[in-house]
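K.L.:
quick one, structure for this:
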Amino acid sequence: MAADKTTILLVEDEPAIIALVTFSLREAGWDPVAVSTCSDAWEFLQGRMPQLILLDWMLPDQSGLRFLARIKADRQFNNLPVIMLTAKSMEEDKIAGLNTGADDYVTKPFSPRELTARIRALLRRKSPEHAQETMSVANVTLDPVSCSVKIDSDRIDIGHAEFKLLKFFLAHPDKVFSRGQLLDKVWGDHVVIEERTVDVHVLRLRKALKEAGNLIKTVRSVGYMLSEK
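P.N.:
Take a look at the predicted model:
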């Protein structure tokens, strides 16, 4: 069973940088998708939601700053983490990017190690469910890299949807989520699934976790949460 990889959209028109960044992101365990124009990036966003965008400042059809403003003005995309890639090192340019909504800023030339470290830090901060570190609660441990779940030290069989659901709960302990929120956060708003399907996956998750299944609490009239309490 393979968990969904974290998708990173790279908007960049320099072939050498595309090759370097794409290789570095794959080595880090992510799924990079590269496009060379803002219009191609917008078209990609209509069909698939990445977890993070790496956005060049200078692009053929419009500036990355203008495209960033478009993303941040759209309710569907305004929470997407964005790192600007740019040859511009002037302080005013950095401030302009951050004021428009960029989360971070990497000036060319940059080291691939620095870029991947900044991506990891931003994903941890903005989307903890996409972090690559081992996650645990009580005697349950989830490893995102090997896509495995253990109870004590014994690996258990768990379905793909249940793995994603458990990973999300572990990233947000003691927080209550409605069925609609879980559909949106775990399966994505481009997937058509009925809210009652969430109940089925919660039941399967509890069954897979055996005695530890009681960590997944039902909050009446609201939804579900993971808690040791």
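
K.L.:
tally of neighbours for Leu215?
P.N.:
Applying other C-beta atoms under 10 Å, we find 22 residues neighbouring Leu215. (Glycine included, C-beta is placed from N, CA and C.)

K.L.:
and it, how far is that from Val149?
P.N.:
Taking C-beta to C-beta, to the nearest Å as the measure, Leu215 falls 12 Å from Val149.

K.L.:
then Met225?
P.N.:
Met225 sits 18 Å away from Val149, taking C-beta to C-beta as the criterion.

K.L.:
ok, now Leu203?
P.N.:
Leu203 is 16 Å from Val149, by C-beta to C-beta.

K.L.:
quick check: neighbours shared by Leu215 and Val149?
P.N.:
Jointly contacting Leu215 and Val149 under the rule C-beta atoms under 8 Å, 6 or more residues apart in numbering are Val140.

K.L.:
follow-up on the earlier one: settle it for me: which of Leu203 and Val149 has more neighbours?
P.N.:
Val149 (26 against 13).

K.L.:
let me know the pLDDT of Pro173.
P.N.:
pLDDT, Pro173: 89.

K.L.:
er, Thr107 actually
P.N.:
86.

K.L.:
how many residues are close by it?
P.N.:
So Thr107, with other C-beta under 10 Å, has 15 neighbours.

K.L.:
my read: it touches Ala87, true?
P.N.:
Yes. Between Thr107 and Ala87 a contact is recorded at 7.2 Å, counting by C-beta atoms under 8 Å.

K.L.:
mind jotting down where the helices sit in the protein?
P.N.:
For the chain, the helices defined by DSSP state H occupy 15-27, 38-47, 64-73, 91-100, 112-126, 160-171, 179-182, 195-209.

K.L.:
packing partners for the fourth one?
P.N.:
Of the remaining helices and strands, those touching helix 91-100 by 3 or more C-beta pairs under 8 Å, 6 or more residues apart in numbering; DSSP states H and E are helix 64-73, strand 82-86, strand 104-107.
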